[in-house]
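Novice: Quick one, structure for this:
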Amino acid sequence: MLATRIKTAVLLFALVALMLFVLPSMSWVLFCCVVAALGFWEWLGLTATPYLTRAPRMLVSAVLGLALAGIMIFAPVFWMAWLTGLSLLIGAAFWLLLVPFWLMRHWRLSQPVLHFITGLVLLVPAWTALVSLKPVPPEPWLLLAVMAVPWIADIGAYFSGRKFGKRKLAPSISPGKTWEGVAGAAVCMLIYALVLNQVGGIFSLLSIPVLLLLLALSITGDLFESLMKRQAGIKDSSNLLPGHGGILDRIDSQLSVLPVALLLIIVATGR
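Specialist: Prediction:
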C-alpha cells in the first residue's frame, strides 16, 4: 500500500509540475476543469441515499467541467472579474460562517437539491482560485505557496499527533485527529511564515495571522469531508487514485483554503 501511495503521489506531482511549468496556461485551466468535474462526480455519490445513478452522475459532472472551461475561454474579462469575486465571496462565507456550525451540529444533507448546490459551492470557488492564482506574479509560485499550507500542516500534525497525541479534536468525526496534532501544525505554520517573510515580496502577505487562519480552514475542510463520508458510511470518496482514495480525499483541505487565500490576496493587493 505504501509503495502504491508513493507511486501515485509522484505521478500526481509530476503531472501538476508539467501543467504549471511546461505546458501552456490553458492546459492548467483544462486540468483544473477535469479535477473539478471528477470531484463533483464523487460528491454526487457521497450521500447515504444516492439520487443519481452512475451514468447521470458522469453526465452532470462532465457538463460542469465543460461549463467551467467555456467560461474561461469565452466569457469577457469583466464578466470573469465579477464571477470570480462572487464565487470567492460565496466560498469564503460558506467556510468561515456556515461550516463551523455544520460540524458542531452534524447536519445531514438529505435534500438532493441542497446536496447538488453544496457541491457547487465546494468546488467552483476552489476552481476559481486555482485558475486565478496561477497568473499572479511570481507565477506559479504564489499558487504553490498557498497550496503548500495544507501539505505542511498535514506533515506537522501527523508527526506531532503520532508522538504526543492524546486529546481528540473531533472524535465523532475523525477519531485520529488530536489537539496535539493541531499544535504541531501550528508550529509548522509559524516556521513557514518566517520563511516566506524572508523571501519577501507578495509572499509576505502569507503572514503568521493569515497562515494560522488558513490552517484552521485546512482542518475545517478535512473535517467536513470526513463528516460527509462518515454519514454516507464510506471510507474514501472513490478509488480513482490508487493508495489515496478519491479526488476529494486529496483536495478536501484545498477546497477551504484556496478561495479564502485568494480573497485575502485580492483585498490586500487591490488586484
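Novice: what about residue 175, helix or strand, and which?
Specialist: Element membership of residue 175 [criterion: DSSP states H and E] is strand 174-178.
Novice: Can I get the following helix or strand past that strand in CSV, CA atoms only?
Specialist: Counting by DSSP H and E, the element after strand 174-178 in chain order, helix or strand, is helix 179-199. Listed in CSV are the C-alpha atoms of helix 179-199, where the atom choice follows Å, rounded to 0.1, in the frame of the first residue of the first chain:
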residue,chain,number,x,y,z
TRP,A,179,-5.2,18.8,19.6
GLU,A,180,-1.5,18.0,19.9
GLY,A,181,-1.5,17.4,16.1
VAL,A,182,-3.1,20.8,15.6
ALA,A,183,-0.4,22.3,17.8
GLY,A,184,2.3,20.7,15.7
ALA,A,185,0.7,22.0,12.6
ALA,A,186,0.6,25.5,14.1
VAL,A,187,4.3,25.4,14.9
CYS,A,188,5.0,24.4,11.3
MET,A,189,2.9,27.4,10.1
LEU,A,190,4.9,29.7,12.3
ILE,A,191,8.1,28.4,10.7
TYR,A,192,6.6,28.6,7.2
ALA,A,193,5.6,32.2,7.8
LEU,A,194,9.1,33.2,8.8
VAL,A,195,10.5,31.5,5.7
LEU,A,196,8.0,33.3,3.4
ASN,A,197,8.8,36.6,5.2
GLN,A,198,12.5,36.1,4.3
VAL,A,199,11.5,35.5,0.7
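Novice: contacting residues for residue 234?
Specialist: residue 46 (Cβ atoms under 8 Å, 6 or more residues apart in numbering). All C-beta spots, glycine's among them, are computed from the backbone N, C-alpha and C.
Novice: That one belongs to a strand?
Specialist: No. When the secondary structure is assigned by DSSP: H, G, I helix; E, B strand; the rest coil, residue 234 falls in coil instead of a strand.
Novice: follow-up on the earlier one: give the other helices and strands that the strand holding residue 175 contacts.
Specialist: Judged by 3 or more Cβ pairs under 8 Å, 6 or more residues apart in numbering; DSSP states H and E, strand 174-178 is in contact with helix 141-164, strand 168-170, helix 208-232.
Novice: Would you mind pulling up the elements that the lowest-mean-pLDDT helix or strand in the chain packs against?
Specialist: Least confident helix or strand of the chain, by mean pLDDT, DSSP states H and E, is helix 2-21 with a mean of 84. If contacts are counted by 3+ Cβ pairs under 8 Å, 6+ apart, helix 2-21 sits against helix 25-44.
Novice: Report the mean per-residue pLDDT for the next helix-or-strand element following the helix it packs on.
Specialist: Scanning forward in sequence from helix 25-44, with DSSP H and E defining helices and strands, the next element found is helix 54-74. Rounded to a whole number, the mean pLDDT of helix 54-74 is 90.
Novice: Go through helix 54-74 and flag the buried ones.
Specialist: Going by neighbour count (16 or more other Cβ atoms under 10 Å), the buried part of helix 54-74 is 57, 60-61, 64-65, 68-69, 71-72.
Novice: how about these, which pair is most distant?
Specialist: The largest separation in the buried residues of helix 54-74, counting by Cβ to Cβ, is between 57 and 72 at 23.4 Å.
Novice: residues touching residue 188, list them.
Specialist: Contact partners of residue 188, counting by Cβ under 8 Å, 6+ apart, are 152-153, 155-156.
Novice: Now with 6 Å, please.
Specialist: Taking Cβ atoms under 6 Å, 6 or more residues apart in numbering, we find residue 188 in contact with 152, 156.
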